[in-house]
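Chemist: Pasting a predicted model and its sequence here:
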Amino acid sequence: MPPVTCPDIHMKSYRWIFISLALLAGIGLGLAYGWVMDPVDFFDLTPDTLRADYKSDYVLMVAEAYHVERDPDLAARQLAIFGTQTPSTIASSGLAYARANGFSDSDIALMQELVTAMQAWSRIQ
Amino acid sequence: MRRIPWWRLGAMLALLAGLGLGLVYSWIISPARVTDSEPLALRTDFKDHYRSAIAAAYAATGNLPRAEARLSLLADADPIEALNAQAQRMLASGQSFEQADQVAALASALGEGITVEFTSTPVTETTNSIVSTSTLLPDPSEIPPEITETAQPVETQATISASTPRPTQTAVPTLGAPFALTGQETVCDRNLPDGLLQVIVFDSRRRQLAGAKIIITWDGGEEEFFTGLKPELGNGYADFIMDPNTAYTVQLGAGSDIASGLTTSTCQTSDGETFFGGTKLTFQQP
C-alpha cells in the first residue's frame, strides 16, 4: 500500500470544498428563483397587504362617504379592515400618502376631515 | 468510455439538492411576504368590503367614472353582476339595507351609464392639475359641477333586464309599510314558462325594491320568497311557477293588499296551440 502524501490530502479537501460550494450555490439559486424570479402567487390576501396608493384611495373612499353620512362609527368600522392599527392612524397614513403624492386639494380636505373625526372618535371610545 | 470523477458527480448532485432545498424554503417554508398587493388579490369578503366602500363613496359624490376606475381594480368579469350579487348577499345576511341599497344603486348606475349628483354639499374647491402617482384617481374635473336629477323611467315589463336607476342617496324605504296592489294582469307569452307568476314591488318613489318578502299560500301549502334574487330582471322582481289546478293568494307583509284567486289561464298562440299563461302582479308602497 502506497503512503498517503500531502498532495492527496489537499486534493480531497479541495474536492469536498467544491461539492459544498456547489450545494451552497444551488441553495442560493433556489432562493433567488423562489423569492425573486418566480415568487409564490398569493391570493385571498388581507387589506393590510395592499400597496400604499390603494390603501390611501380606500381611506379617500371612506372620507367621501363620511363627508355625507357623518357616521364616525361606520367610518371606523370601514377602516378597521386594515387590521391592528387604530382608525385614526390608518386615516393619518392615508392622508400622509395623499399629501406626498399630489392628491387633489379637495380629496386631501376630505381625508383631513376624516382624520379629525377619527381622532375625536378614538378619544370617545 | 471516460468515467466522470466522483467528486464532479457529487458537485452536480449537491447543486441540484441545493436548488431543491432553496425552492422548498422560498416557496413553502418561507415564501416572500406580500406587501404591495392589488385589490384583485384580496379575499372574497374583503373584496365585498372594497365594493361597499366604492358604492358608499359613489353614493356620496355621484362620481361614476371614479367608481368605475375603482371597480376595475377588482377585475370582476362582470362588475354589475358582482355588485348585484353582493347586494343580494348583504340583504340575505341581514346587513344594513342602506349599504346594500348603495351597492345596488351603483350597479344600476353602471348599467345605465348615468352620472348623477349627490344631495349633499360637495367639496367645491377646485383643484390644480396636480398629477398623482396613483393611477386610480380620475381627474377631479370629471365631476360635473351641477347636475340635475334625471327622470326615473318606470319598468313596465318584468322581462326587461334594465333596472330603475337610483341616482341619489335617499332615505331607506320602510320595509314594514303596507303595499298596495296596483296592477294585476294576465300574461300570455309563449316565451315565458307556463303558469309563471311574476311579482314586481316598487317603493313609494316608483323604484324597484329589493329584499321585499312575498308570501304565497295555496290550499295545503305556503312559501316565502324575496324580490331581487334575479337582479337581471330587476331589483324588485320575483317569480313563482303556479300549478295549473291550484288557486294562489299573494301578500307582502302584514297590512298589505292581498291578491287572491290567482290561477293559470289558458292562452292560445296564432297557430292555435294552447298553453298555460301566467299572471303579473305589481305592488307599490303608497
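Modeler: Cool, got the structure. Residues are numbered from 1 along each chain as shown, chains lettered A, B, ... in the order given.
Chemist: List of residues touching stretch B:25-43?
Modeler: A:27, A:30-31, A:33-36, A:39-40, A:42-47, A:49-52, A:54, B:47, B:50, B:73-75 (C-beta atoms under 8 Å, 6 or more residues apart in numbering or on different chains). In short, each C-beta sits where N, CA and C put it, glycine included.
Chemist: and if you look at stretch B:241-258?
Modeler: Applying C-beta under 8 Å, 6+ apart, the external contacts of stretch B:241-258 come out as B:175-176, B:178-181, B:193-197, B:199, B:201, B:212-219, B:240, B:259-264, B:276, B:278-279, B:281, B:283.
Chemist: Same check on stretch A:27-37?
Modeler: Counting by C-beta under 8 Å, 6+ apart, A:40, B:15, B:18-27, B:31-32 sit against stretch A:27-37.
Chemist: List the ones among the contacts of stretch B:25-43 that fall in helices.
Modeler: Judged by DSSP state H, helices contain the following of the contacts of stretch B:25-43: A:27, A:30-31, A:52, A:54, B:47, B:50.
Chemist: Save those as CSV, and put in neighbour count, pLDDT and distance to B:Tyr248 too.
Modeler: Below are the ones in helices among the contacts of stretch B:25-43 laid out as CSV (neighbours: other C-beta atoms under 10 Å in any protein chain shown; pLDDT from 0 to 100; distance: C-beta to C-beta, whole Å):
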residue, neighbour count, pLDDT, distance to B:Tyr248
A:Ile27, 21, 94, 73
A:Gly30, 23, 93, 69
A:Leu31, 20, 93, 69
A:Ala52, 17, 92, 58
A:Tyr54, 21, 95, 51
B:Lys47, 21, 94, 40
B:Tyr50, 24, 95, 42
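Chemist: which one of the residues you listed is nearest B:Gln99?
Modeler: Closest to B:Gln99 out of those is B:Tyr50 (13.0 Å), distances taken as C-beta to C-beta.
Chemist: How about the closest one: what's its closest non-neighbour residue?
Modeler: B:Pro39 (5.6 Å; C-beta to C-beta, 6 or more residues apart in numbering or on different chains).
Chemist: The one you found and B:Gly272: what is the separation?
Modeler: 58 Å (C-beta to C-beta, to the nearest Å).
Chemist: Tell me who's in contact with the most centrally placed residue in chain A.
Modeler: The structure's chain A has its C-alpha centroid closest to A:Thr49; by C-alpha atoms, centre = their mean the separation is 5.1 Å. By C-beta under 8 Å, 6+ apart, the contact set of A:Thr49 is A:42, B:34-37, B:41.
Chemist: So B:Val201, which state does it fall into?
Modeler: strand (DSSP: H, G, I helix; E, B strand; the rest coil).
Chemist: Show me what it bridges to in the sheet.
Modeler: B:Phe283 (DSSP bridges).
Chemist: And the one helix or strand in chain B whose mean pLDDT sits lowest, what does it pack against?
Modeler: Ranking every helix and strand in chain B by mean pLDDT, DSSP states H and E puts strand B:221-226 at the bottom, with a mean of 83. Contacting strand B:221-226 under the criterion 3 or more C-beta pairs under 8 Å, 6 or more residues apart in numbering or on different chains; DSSP states H and E are the following elements: strand B:213-218, strand B:237-241.
Chemist: neighbouring contacts of the longest one?
Modeler: Same thing as strand B:213-218. So strand B:213-218 is in contact with B:197, B:199, B:201, B:222-227, B:238, B:240, B:243, B:246-253, going by C-beta under 8 Å, 6+ apart.
Chemist: and that strand, which strands flank it?
Modeler: Going by DSSP bridges, the partners of strand B:213-218 are strand B:221-226 (antiparallel), strand B:248-251 (antiparallel).
Chemist: Determine which stretch of these is the most buried.
Modeler: Most buried of the strands paired with strand B:213-218 by mean neighbour count (mean count of other C-beta atoms under 10 Å in any protein chain shown) is strand B:248-251; its value is a mean of 20.
Chemist: What strand or helix carries residue 102?
Modeler: I went with chain A, as the question did not name one. Applying DSSP states H and E as the criterion places A:Gly102 outside every helix and strand.
Chemist: wait, I meant chain B there
Modeler: helix B:97-112.
Chemist: before we move on, what about B:Gly183?
Modeler: Assigned by DSSP H and E, B:Gly183 falls within strand B:180-187.
Chemist: quick check, distance from that strand to the centre of its chain.
Modeler: Centroid displacement of strand B:180-187 relative to its chain, using C-alpha atoms, centre = their mean, to the nearest Å, is 26 Å.
Chemist: What of stretch A:65-76?
Modeler: Distance, centroid of stretch A:65-76 to centroid of chain: 27 Å (C-alpha atoms, centre = their mean).
Chemist: how about that stretch: buried residues?
Modeler: A:65-69, A:72, A:74-76 (16 or more other C-beta atoms under 10 Å in any protein chain shown).
Chemist: tell me which residues of the helix or strand of chain A with the lowest mean pLDDT are tucked away?
Modeler: Across the helices and strands of chain A, mean pLDDT, DSSP H and E gives its lowest value to helix A:6-32, namely a mean of 85. Judged by neighbour count using 16+ other C-beta under 10 Å, the buried positions of helix A:6-32 are A:15, A:19, A:22-23, A:25-27, A:29-31.
Chemist: now do stretch B:199-216
Modeler: For stretch B:199-216, by 16+ other C-beta under 10 Å, it's B:199-203, B:207-212, B:214-216.
Chemist: could I get that stretch in PDB with only the CA atoms?
Modeler: Extracted as PDB, the C-alpha positions of stretch B:199-216 are listed here (Å, rounded to 0.1, in the frame of the first residue of the first chain):
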ATOM      1  CA  VAL B 199     -94.400  40.000  -8.800                       C
ATOM      2  CA  ILE B 200     -92.800  43.400  -9.100                       C
ATOM      3  CA  VAL B 201     -92.500  45.600  -6.000                       C
ATOM      4  CA  PHE B 202     -91.900  49.300  -6.000                       C
ATOM      5  CA  ASP B 203     -91.300  51.700  -3.200                       C
ATOM      6  CA  SER B 204     -93.100  54.900  -2.800                       C
ATOM      7  CA  ARG B 205     -90.800  56.600  -5.400                       C
ATOM      8  CA  ARG B 206     -91.600  54.000  -8.000                       C
ATOM      9  CA  ARG B 207     -88.100  52.400  -7.700                       C
ATOM     10  CA  GLN B 208     -87.900  48.700  -7.700                       C
ATOM     11  CA  LEU B 209     -87.400  47.400  -4.200                       C
ATOM     12  CA  ALA B 210     -85.100  44.500  -3.500                       C
ATOM     13  CA  GLY B 211     -85.500  42.300  -0.400                       C
ATOM     14  CA  ALA B 212     -89.200  42.500  -0.100                       C
ATOM     15  CA  LYS B 213     -90.700  39.300   1.400                       C
ATOM     16  CA  ILE B 214     -93.600  37.800  -0.600                       C
ATOM     17  CA  ILE B 215     -95.900  35.200   1.000                       C
ATOM     18  CA  ILE B 216     -97.700  32.900  -1.400                       C
END
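Chemist: Perfect, I'm done here.
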